[in-house]
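1. Sequence and predicted structure are below.
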Amino acid sequence: MPCRANCARPSNHGPVPNARLFWIHGSGYTQDSFRAQVEAFPKSEALSLPGHPEGEPLTSVADMARWLARHVRESGNGKAVVGGNSLGGAIALEWALQHPEQAAGLILIGTGARLRVSPAIFESIDNSWPACIEQLVDFAVSSNASAELRQHAREWHERVGQRATRLDYAACDEFDVMERLGQICVPTLIVVGSEDKLTPAKFSRFLHERIQGSELLEVPGAGHIVMAERPDVVNPAIGTFLEKITAAPA
Ligand code: COA
């Protein structure tokens, strides 16, 4: 499938045999937010960004994308599909723009091309961290989410802590690739929960309109971490997408 005229690079839409699959979490989370996807796609790898909690956090989406590219390069051969949630989706987009030669596909889950952050979130992280965790959990899930998922989300934030979470949100706040989406030349699946409070479905529809050939799955009644909340709906869609773009399932 041809890319838009403003795409400077050749199209990457042909099937890519044995592409590797990586998952990247959102702000203040860890690789555990993709537990249901690693179970469903056992050859895939969920990554924790530096500082989540081990190591020193990175401070921009561009640096996080460079870190991802290094991991893709050093962890094996061939191209990769990257699935990201929220900040992770921003990193995946930036990575595909920086390193089209590595990218076989994108799975963008509860994210957007620009991720401005409400000043109230920064204020809450800075001034009332323990209460802020509860607020961030409320933002992350729908009213239909289980108490168990809420508890998991709480634990991810507790493990990652105030400083790295704030740096993640600051990186989101600076992120903006709205004008560059026409340069994305890889098969892309976009997934969003209809009740996403942090990155509303409007953001995903925008991605779908601007990324040539992309597919959009809107999951009714689900929230921002839709992959953890509704893996029963999201995983089959990912499986179908992967079958289309790779010769063998991940
Ligand atoms: N895709 C499509 N449209 C987008 C977009 C995206 N990624 N990001 C913003 N827009 C739209 C907005 O919907 C808005 O449209 P409108 O004028 O028709 O209402 C317009 O672009 C401007 O939005 P924005 O750049 O966000 O600026 P703002 O001054 O209107 O709002 C905030 C800034 C921070 C108050 C607002 O983004 C917000 O309430 N965010 C809360 C959620 C949050 O903090 N999420 C964290 C993301 S990690």
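-> Alright, I've got the coordinates.
2. Mind giving me the packing neighbours of the one helix or strand residue 164 maps to?
-> Element membership for residue 164, per DSSP states H and E: helix 147-174. Applying 3 or more C-beta pairs under 8 Å, 6 or more residues apart in numbering; DSSP states H and E, one finds that helix 147-174 makes contact with helix 61-74, helix 87-98, helix 119-127, helix 129-140, helix 226-229. Bear in mind the C-beta positions are built from the backbone N, C-alpha and C, glycine included.
3. so how far is residue 235 from residue 136?
-> Note on residue 136: its distance to residue 235, by C-beta to C-beta, to the nearest Å, is 25 Å.
4. So between these two, which is more surrounded?
-> Ranked by neighbour count (other C-beta atoms under 10 Å), residue 136 and residue 235 place residue 136 first, with 24 against 16.
5. residue contacts, the more buried one?
-> With contact set as C-beta atoms under 8 Å, 6 or more residues apart in numbering, residue 136 has these partners: 28, 121, 153, 157, 165.
6. Would you check which pair of these lies furthest apart?
-> Spanning the widest gap among those are 121 and 153, at 15.1 Å by C-beta to C-beta.
7. Neighbour count: the two, which is higher?
-> residue 153 (28 against 20).
8. Verify the stated contact: that one with residue 225.
-> Yes. With contacts counted by C-beta atoms under 8 Å, residue 153 reaches residue 225, the gap being 6.8 Å.
9. touching the ligand at all, stretch 88-105?
-> No. Under the criterion of C-beta under 6 Å from any ligand atom, stretch 88-105 makes no contact with the ligand; the nearest approach is 8.1 Å.
10. Of all the residues in that stretch, which ones are buried?
-> Buried residues in stretch 88-105, defined by neighbour count with 16 or more other C-beta atoms under 10 Å: 88-97, 99-100, 102-105.
11. out of those, who's nearest residue 178?
-> Nearest to residue 178 among the buried residues of stretch 88-105: residue 93, at 10.4 Å, using C-beta to C-beta.
12. Backbone dihedrals for the nearest residue to that closest one once chain neighbours are set aside, both of them.
-> Residue nearest to residue 93 in three dimensions, not counting chain neighbours: residue 177, with 5.5 Å by C-beta to C-beta, 6 or more residues apart in numbering. For residue 177, the backbone dihedrals are phi -120, psi 30 (criterion: degrees, to the nearest 10).
13. for residue 177, what are its contacts?
-> 90, 93-94, 97, 113-114.
14. one more time with 7 Å
-> 93-94, 97, 113 (C-beta atoms under 7 Å, 6 or more residues apart in numbering).
15. now do residue 23
-> Residues in contact with residue 23 (C-beta under 7 Å, 6+ apart) are 34, 37, 44, 46-47, 83.
16. what's the farthest-apart pair in those?
-> 37 and 47 (12.0 Å).
17. Residue 203 reaches residue 112, doesn't it?
-> Yes. In this structure, residue 203 is within contact of residue 112 by C-beta atoms under 7 Å, at 3.2 Å.
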